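Q: dropping the sequence and predicted coords here.
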Amino acid sequence: MSPSRGALAGAALTTAAALALVSCGSGDGGGSEPTGDAASSASSISPSFPDASTPAAGSSSPSPSPTRSYALSAAPRTIPAVREHTAARGPGWKPTSSGAVVVADGSGALADEARLLAKELRLRYRGEAAARSGDVELSLDKGAKTGAESYTLTARDGRVTISGPDEAGVFWGTRTLKQSVAADGTFPEGVVNDRPDRPQRGLNLDIARKPYGVDWIEDRLREMADLKMNQFGLHFSDDQAFRIESRSHPEVVSQDHLSQAQVKHILALAKSLHIEVVPEIDSPGHLGAVLRAHPDLQLHSVSGAVSKGSLDISKPGAAKLVDELLDEFTGLFGGKFWHLGADEYQALTVPDPGASYPQLLAAARQKYGDGATIEDLATGWLNDRAAVVRPKGMTTKAWNDGLFSGGTVQADKRIEIEYWTGKEIGAREPEAYLGEGRPVVNLNDEFLYYVLGEPNEFVYPTGKRIYEQWTPLVLRGTRPVPATYSDQILGGRFAVWGDFPNAQTQAQVAEGIRMPLKATAQKLWVPGKPALSWAAFTGLAGKIDGRG
């Protein structure tokens, strides 16, 4: 795996505000630059927005004299950028001491999102109440057919409305509002219609080789949420350590670990931020910490040599041990996904696996017939573990080099393939997996792997390189797969691996991944070439993060 702002006019507008559609990216073909001047010259006119000089309904405030008019608004500045903004004339919205966050009638499920936004913008929270001038209203629109993570954000008449078909989409809308205010102190007049390009967007963290504190993990979750990332992979078992308390097998747990109570706290925060946690217990390789407590299940070659971190899957006790751990931890985590690992099984890295591990070859042929191989036995192991997890309602995942071509046994096609490399034994070109109709998630080790200590020719990835060169279609190396496979690529995650855990402190890791994570978020939310230059993108990131 391993702007234009408002200008004074001499007379009041007598027509409705002109609207212009600003698209920040559409389709795989590339995005377009949001334009202020071009928007101002747009020919489409719509009565949807009254002029800003017109008092809001129910307002007794007189029109100013002389009347103010406004240039057409520009799209809000956020990371990731919004997909679509319809410009309008008006002052926009900014938080004021009289404003509040409210929830529309019948949308009480959004109370937590509303409270969080109110705290972040230093506004009051008034619960389910009619919106007033200066307010932000959150609303569920169950009839909308635009996708659970889509939302509409409207700034008009001195107030903001954020609506969507599901809580997740409305929450992403609150992130857009929060970022725009952080960047510019305001949210521009007009309408945002937004949605992600890919359904899976996130960060993968190896806590097995390098432990991280609860506070550090929760800070990353909040960072991810502001970037509209919805998936947090947690690799907590490896050769070095097993980092979460186990009640079924306490003997495998390392001294420095998270308690189950701490995990539940992390899960509660992730849920409130609409982030799915994807736990991973890798097998049949990368089990060194477990095998130290169960040496009888350690894989040995015919000469007696230990196969590092490898489980002897010919032994009946092997499946029992791993399945008991899977049963316990699927119960602890719940959620939609479980990662089965399956990569780098050392028995398959030697020139003649059958000669070196005859017990595995014998087990394969006993179970699958005379022509079966150790690859078949490993594939059967993967399918059997997926069968343990799937009744819990979880979608299973596996690393791409844990699936093999040909053979008697084929990996279950419901398993999502997390493509990270083409360098390992068993790894094939991305098209080999896509051509079989398999769903794939992008963790390209050329761009998205932050490996502490930079071993094996790894270098710390930069946000600039991700921003300018990587797309979800670039699964291996720097070459994109044909766009005809685009729908099978579900998204991607940026991954932090702790090969040399002391190479960086936790604070250095957080700083090192800050811009790569932002670049990854941008490329998974908005298809096509980003509108901003890298310099402008980093400048915006500094404004949003309070650094400039």
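A: That came in fine, so what should we check first?
Q: low pLDDT regions in the chain?
A: 1-68 (pLDDT under 70).
Q: can you give me the helices in it?
A: 37-40, 111-121, 167-184, 214-226, 260-272, 288-293, 316-333, 353-356, 358-368, 374-389, 430-434, 463-469, 506-525, 534-544 (DSSP state H).
Q: what angle do the third one and helix 111-121 make?
A: Same thing as helix 167-184. 10 degrees (axes from the mean of the first three to the mean of the last three C-alpha atoms, to 10 degrees).
Q: could I get the helices of the chain as TSV with mean neighbour count?
A: Backbone N, C-alpha and C define where each C-beta goes, glycine included. Formatted as TSV, those follow (neighbours: other C-beta atoms under 10 Å):
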stretch	mean neighbour count
helix 37-40	16
helix 111-121	18
helix 167-184	23
helix 214-226	17
helix 260-272	16
helix 288-293	20
helix 316-333	17
helix 353-356	18
helix 358-368	18
helix 374-389	22
helix 430-434	20
helix 463-469	18
helix 506-525	21
helix 534-544	17
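Q: distance to Ala398 added to the ones you listed, as CSV?
A: CSV is the format used below for those (distance: least, C-beta to C-beta, whole Å):
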stretch, distance to Ala398
helix 37-40, 47
helix 111-121, 34
helix 167-184, 26
helix 214-226, 23
helix 260-272, 22
helix 288-293, 18
helix 316-333, 14
helix 353-356, 19
helix 358-368, 19
helix 374-389, 6
helix 430-434, 11
helix 463-469, 24
helix 506-525, 21
helix 534-544, 34
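Q: quick one: Ala225 from Asp239, how far?
A: The gap separating Ala225 from Asp239 is 32 Å, by C-beta to C-beta, to the nearest Å.
Q: equivalent analysis for Leu205, please.
A: From Leu205 across to Asp239, the span is 17 Å (C-beta to C-beta).
Q: which of the two has more neighbours?
A: Leu205 (25 against 19; other C-beta atoms under 10 Å).
Q: so what's that one bridging to?
A: Leu234, Val496 (DSSP bridges).
Q: go ahead and confirm it touches Pro211.
A: No: under the criterion of C-beta atoms under 8 Å, Leu205 lies out of contact with Pro211, with a separation of 10.7 Å.
Q: common neighbours of the two, please.
A: Counting by C-beta atoms under 8 Å, 6 or more residues apart in numbering, Leu205 and Pro211 have no common neighbour.
Q: list the contacts for Val253?
A: Phe242, Arg243, Ile244, Glu245, Ser246.
Q: what subset of the residues you listed is buried?
A: Buried subset of the contacts of Val253 (neighbour count, 16 or more other C-beta atoms under 10 Å): Phe242, Arg243, Ile244, Ser246.
Q: could you find the closest non-adjacent residue to the first one?
A: Take Phe242 and drop its neighbours on the chain: the residue closest to it by C-beta to C-beta, 6 or more residues apart in numbering is Ala289, 4.3 Å away.
Q: cool, and the last one?
A: Leaving out its chain neighbours, the residue that sits closest to Ser246 by C-beta to C-beta, 6+ apart is Val253, at 5.3 Å.
Q: if I look at that neighbour, how far off is Phe333?
A: Val253 is 16 Å from Phe333, by C-beta to C-beta.
Q: and what of Ala318?
A: Counting by C-beta to C-beta - Ala318 and Phe333 are separated by 22 Å.
Q: and for Gly371?
A: When Gly371 is compared with Phe333 (using C-beta to C-beta), they lie 38 Å apart.
Q: pull the contacting residues for Ala104.
A: Ala104 neighbours (C-beta under 8 Å, 6+ apart): Glu128, Ala131, Glu137, Leu138, Ser139, Leu140, Ser163.
Q: which among those residues count as buried?
A: Applying 16+ other C-beta under 10 Å to the contacts of Ala104 flags Ala131, Glu137, Leu138, Ser139, Leu140, Ser163 as buried.
Q: what's the closest of those residues to Leu311?
A: Leu140 (47.1 Å; C-beta to C-beta).
Q: and the closest residue to the closest one other than its chain neighbours, how many neighbours?
A: Leaving aside its sequence neighbours, Leu140 sits nearest to Ser107 (C-beta to C-beta, 6+ apart; 4.4 Å). Neighbour count of Ser107, defined by other C-beta under 10 Å: 21.
Q: wait, doesn't Ser107 sit right on Ser139?
A: Yes: the pair Ser107 / Ser139 is scored as a contact, 5.1 Å apart, by C-beta under 8 Å.
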